[in-house]
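Visitor: Take this sequence and fold it.
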Amino acid sequence: MRRKNRSAAIREYPITPVGADRVSLGPGFLRTLLETVRTKTIPHVRERCATEGRFDNFLIAGGEKPGPVRGLMPFDDSDVYKLVEGASRSLVDFPDPVLAETIKTGQEPDGYLTTWFTVDPGHPPAPWAGDSGKRWAGEAGSHELYNSGHLFEAAAAHFRATGKRTLLDVALKNADLLVGSFGPGKLAVPPGHQIVEQGLVSLYRITENRAYLDLARFFIYLRGRRDGRESYGEYAQDHLPAARQRAVVGHAVRAVYFYAGMTDVAALTGDRSLLRASFRLWRDLVRSKLYLTGGLGARREREAVGGRFELPNRTAYCETCAAIGSVAWNRRLFLLTGDGRYYDLIEGTLYNCLLAGLGLDGTSFFYVNPLEADGDFAFNQGARERSPWFDCPCCATNLVRFLPSLPGLVYASEKDRLHVNLFAPGSARLEAAGTPVTVDQETDYPWGGSVRLTINPERPARFTVRLRIPGWTGPSFLPGGLYAFPDEPPRPPLLTLNGRDLRCPVAGGYAEIKREWRAGDAVEIDLALAPRRVVADPRVAADRGRAALTCGPLVYCVEGIDHGGSLDGLSLPAGVELELVRRADERGGGRAITARVPDGNGGTRSLFAVPYYAWANRGPGPMKVWLPRR
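Guide: All right, here's what the predicted structure looks like:
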């Protein structure tokens with residue numbers, strides 16, 4: 001590794017995630033999903049990257065192939081990096097040495113790496129990328145630093161998975177160029193599209209080179225500070241200094257990537273002003289700008305977050321990439337605080353908006369995820385249905401990048417505390433109070449609410465198991481109070497320890513069980529999973545007088561294909577008896593919600609609702625999450 005720079009003390013997140021390499025998922029929803037990604041999605045994305053010249057661009061930049069750069073976007077390189085990151089986390093047969101060497105070929109001698117700029121800097125793939133011919137001069141749209149950020153994340157994942165330095169050395173050479181080019185007295189240009197901040201932190205964690213963390217902090221602090229440069233404005237969160245920002249604004253993906261990087265820098269440097277800003281921004285999001293599905297981004301224009309309570313359904317943007325960025329940010333906030341509200345939002349986003357971005361076949365995608373469709377409106381980059389690819393395929397490759405990391409979200413550890421954050425069958429190897437512990441989890445979640453945990457310490461040891469009590473078991477579906485349950489709640493969750501009823505304190509959304517644990521000790525929780533109606537805060541005009549359906553962590557929707565092609569007249573009034581029924585589903589199970597609802601003529605008609613993540617897998621057609629209450 002590089003020589004370490006320890007000029008100042010560095011802090012860390014107090015809670016440590018249990019890595020995906022230490023978690024083995026058993027048969028069930030998440031493992032079925034990951035198998036689909038490994039066997040179908042990753043090969044599909046690799047083929048599309050090859051067909052559209054993503055790999056060739058590195059060879060062209062390196063002079064090993066003739067021709068102009070191929071592609072339409074200045075960030076096409078990032079698709080290759082995201083593919084490498086996801087493949088590394090999936091431990092599939094690639095990325096292989098050839099692919100890593102291909103990337104290396106496109107790197108200039110001093111470490112610079114953005115292929116379109118190397119090939120022909122005066123003619124970028126997109127007109128908004130800038131054509132000054134100078135590195136980073138058009139950073140507002142050139143995505144040079146965005147490409148670097150994804151390179152760093154891919155290299156870190158590849159190195160951790162394989163132990164090989166081929167791609168890591170490419171990334172470090174590029175990072176060293178950035179350190180030498182940006183900073184006080186050098187270039188003071190913030191990234192046009194954030195993620196390099198997170199990537200620099202990932203390289204810092206591997207090398208302990210303080211210069212990488214310092215540069216991430218420098219980029220965070222450039223936001224909102226003019227110093228003679230042109231501002232990117234609210235669109236790129238450049239309207240105010242980071243520590244003074246209070247409202248989630250601008251391009252939704254840029255925003256959550258920025259907040260995740262801000263939280264990293266705050267956690268590792270102890271910067272309280274950035275911490276306060278991150279918490280303020282989160283409160284603004286969950287109290288006024290968050291969709292029921294966990295999606296964010298109300299405006300198609302500029303892919304932006306809207307104003308307070310501006311949450312239209314049919315024209316909602318809710319980009320898949322923004323959902324992924326939201327999970328990344330909330331995970332960091334949890335690692336700082338241990339507060340279950342952040343995992344409530346992670347879970348709600350994951351099972352709804354995020355997974356809606358991937359078709360059940362594993363090879364079709366949504367770029368945007370509206371909460372209503374009429375079958376004609378072209379909401380999906382000019383299409384009315386799922387697509388195998390896009391001109392801008394960032395969401396498809398981001399799903400490949402993110403989904404293989406899911407096992408690493410299930411557990412976390414903290415000195416003498418073991419956190420159980422998500423429910424999924426399988427086993428995990430971790431440590432609590434200095435003792436190796438194996439945790440075995442049995443559950444049919446999200447289709448069933450029964451969870452059994454068997455705790456197996458290597459030797460008897462005293463520590464605390466923190467078991468998350470999902471927020472949807474309480475009065476609201478998501479944190480922030482925007483979406484409440486108006487009807488009588490089901491019974492509260494039941495806990496047992498070794499078959500006996502258990503009463504224990506609940507703090508921060510977690511049941512805390514502190515005791516001396518012995519091999520074979522078993523904790524069970526019954527979450528009383530049942531269909532429930534939910535209503536929105538009346539300030540959300542788009543949902544006023546309407547209700548939606550949820551069951552456990554899942555949001556449900558109705559589709560025209562199940563209702564004679566039309567959803568006209570379908571309502572969801574109070575007092576309707578809701579029934580959960582089995583339904584075939586490619587993701588390891590499946591449940592639908594059925595009911596008899598008024599037909600408007602004094603009779604009743606059938607309502608059939610499916611999980612929102614599964615909509616539009618049977619062709620385009622009408623869909624609604626929210627239905628009139630009368």
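Visitor: which stretches of the stretch 1-150 of the chain form helices?
Guide: Along the stretch 1-150 of the chain, counting by DSSP state H, counting those that start in this stretch, helices occupy 29-36, 42-51, 54-61, 76-90, 97-105, 115-119, 139-142, 144-162.
Visitor: Format those helices as TSV; extra columns: mean pLDDT and distance to residue 215.
Guide: (Each C-beta comes from the backbone N, C-alpha and C, glycine too.) Below are the helices of the stretch 1-150 of the chain laid out as TSV (pLDDT from 0 to 100; distance: least, C-beta to C-beta, whole Å):
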stretch	mean pLDDT	distance to residue 215
helix 29-36	95	34
helix 42-51	96	29
helix 54-61	97	24
helix 76-90	95	19
helix 97-105	87	22
helix 115-119	96	20
helix 139-142	93	14
helix 144-162	96	10
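Visitor: mind checking which of those is nearest residue 13?
Guide: helix 144-162 (16.2 Å; C-beta to C-beta).
Visitor: Can you report phi and psi for the residue nearest to residue 482 when sequence neighbours are not counted?
Guide: Nearest residue to residue 482 in three dimensions, chain neighbours excluded: residue 537, at 5.0 Å (C-beta to C-beta, 6 or more residues apart in numbering). Backbone geometry at residue 537, expressed as degrees, to the nearest 10, gives phi -50, psi 130.
Visitor: nearest to residue 253, of the helices of the stretch 1-150 of the chain?
Guide: Closest among the helices of the stretch 1-150 of the chain, using C-beta to C-beta: helix 144-162, at 10.4 Å.
Visitor: Please put the alpha-carbon coordinates of the closest one into CSV.
Guide: Provided in CSV are the C-alpha atoms of helix 144-162 (Å, rounded to 0.1, in the frame of the first residue of the first chain):
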residue,chain,number,x,y,z
GLU,A,144,-15.0,13.6,-15.5
LEU,A,145,-15.0,13.5,-11.7
TYR,A,146,-18.2,11.4,-11.7
ASN,A,147,-16.3,8.8,-13.8
SER,A,148,-13.5,8.9,-11.3
GLY,A,149,-15.8,8.3,-8.4
HIS,A,150,-17.3,5.2,-10.0
LEU,A,151,-13.8,4.0,-10.9
PHE,A,152,-12.7,4.3,-7.3
GLU,A,153,-15.8,2.4,-6.0
ALA,A,154,-15.2,-0.3,-8.5
ALA,A,155,-11.6,-0.6,-7.7
ALA,A,156,-12.2,-0.8,-4.0
ALA,A,157,-14.8,-3.6,-4.5
HIS,A,158,-12.6,-5.5,-6.9
PHE,A,159,-9.6,-5.4,-4.6
ARG,A,160,-11.6,-6.5,-1.6
ALA,A,161,-13.2,-9.4,-3.6
THR,A,162,-10.1,-10.6,-5.4
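Visitor: Quick check: next helix or strand after it?
Guide: Following helix 144-162 in sequence order, the next helix or strand is helix 166-181 (DSSP states H and E).
Visitor: residue boundaries of the strands in the stretch 251-400 of the chain?
Guide: 372-374 (DSSP state E, counting those that start in this stretch).
Visitor: What segments of it are helices?
Guide: Here the stretch 251-400 of the chain has its helices, by DSSP H, counting those that start in this stretch, at 252-269, 272-288, 320-337, 340-349, 355-356, 394-402.
Visitor: what would these look like in JSON lines with distance to residue 605 and mean neighbour count?
Guide: Listed next are the helices of the stretch 251-400 of the chain as JSON lines, based on distance: least, C-beta to C-beta, whole Å; neighbours: other C-beta atoms under 10 Å:
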{"stretch": "helix 252-269", "distance to residue 605": "37", "mean neighbour count": "27"}
{"stretch": "helix 272-288", "distance to residue 605": "35", "mean neighbour count": "19"}
{"stretch": "helix 320-337", "distance to residue 605": "33", "mean neighbour count": "25"}
{"stretch": "helix 340-349", "distance to residue 605": "30", "mean neighbour count": "26"}
{"stretch": "helix 355-356", "distance to residue 605": "26", "mean neighbour count": "26"}
{"stretch": "helix 394-402", "distance to residue 605": "36", "mean neighbour count": "26"}
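Visitor: between the ones you listed, which one is nearest to residue 523?
Guide: helix 340-349 (16.4 Å).
Visitor: and residue 472, which of the helices of the stretch 1-150 of the chain is closest to it?
Guide: Taking these one by one with C-beta to C-beta, helix 29-36 is closest: 16.2 Å.
Visitor: what about that closest one, distance to the chain center?
Guide: With C-alpha atoms, centre = their mean, to the nearest Å as the basis, helix 29-36 stands 16 Å off its chain's centre.
Visitor: What's the local residue count around the nearest residue to residue 199 once chain neighbours are set aside?
Guide: Setting aside the residues directly before and after it, residue 199 is nearest to residue 152 in space (C-beta to C-beta, 6+ apart), at 3.0 Å. For residue 152, the neighbour count with other C-beta atoms under 10 Å is 32.
Visitor: same thing with residue 563?
Guide: 19.
Visitor: my guess is it contacts residue 608, does it?
Guide: Yes: contact criterion C-beta atoms under 8 Å: residue 563 and residue 608 qualify, at 7.0 Å.
Visitor: Hmm, residue 325 and residue 294 touching each other?
Guide: No: judged on C-beta under 8 Å, residue 294 makes no contact with residue 325 at a distance of 11.6 Å.
Visitor: Pretty sure residue 441 sits in a strand.
Guide: Yes: assignment of residue 441 by DSSP: H, G, I helix; E, B strand; the rest coil places it within a strand.
Visitor: looking at the helices of the stretch 251-400 of the chain, which is closest to residue 437?
Guide: Proximity to residue 437, assessed across those by C-beta to C-beta, is greatest for helix 320-337 (19.2 Å).
Visitor: next one: that closest one to chain centre, how far?
Guide: That offset, for helix 320-337, works out to 6 Å (C-alpha atoms, centre = their mean).
Visitor: Please apply the same query to stretch 309-323.
Guide: 15 Å.
Visitor: just stretch 459-479 next, same as before
Guide: Per C-alpha atoms, centre = their mean, the centroid offset for stretch 459-479 relative to its chain is 21 Å.
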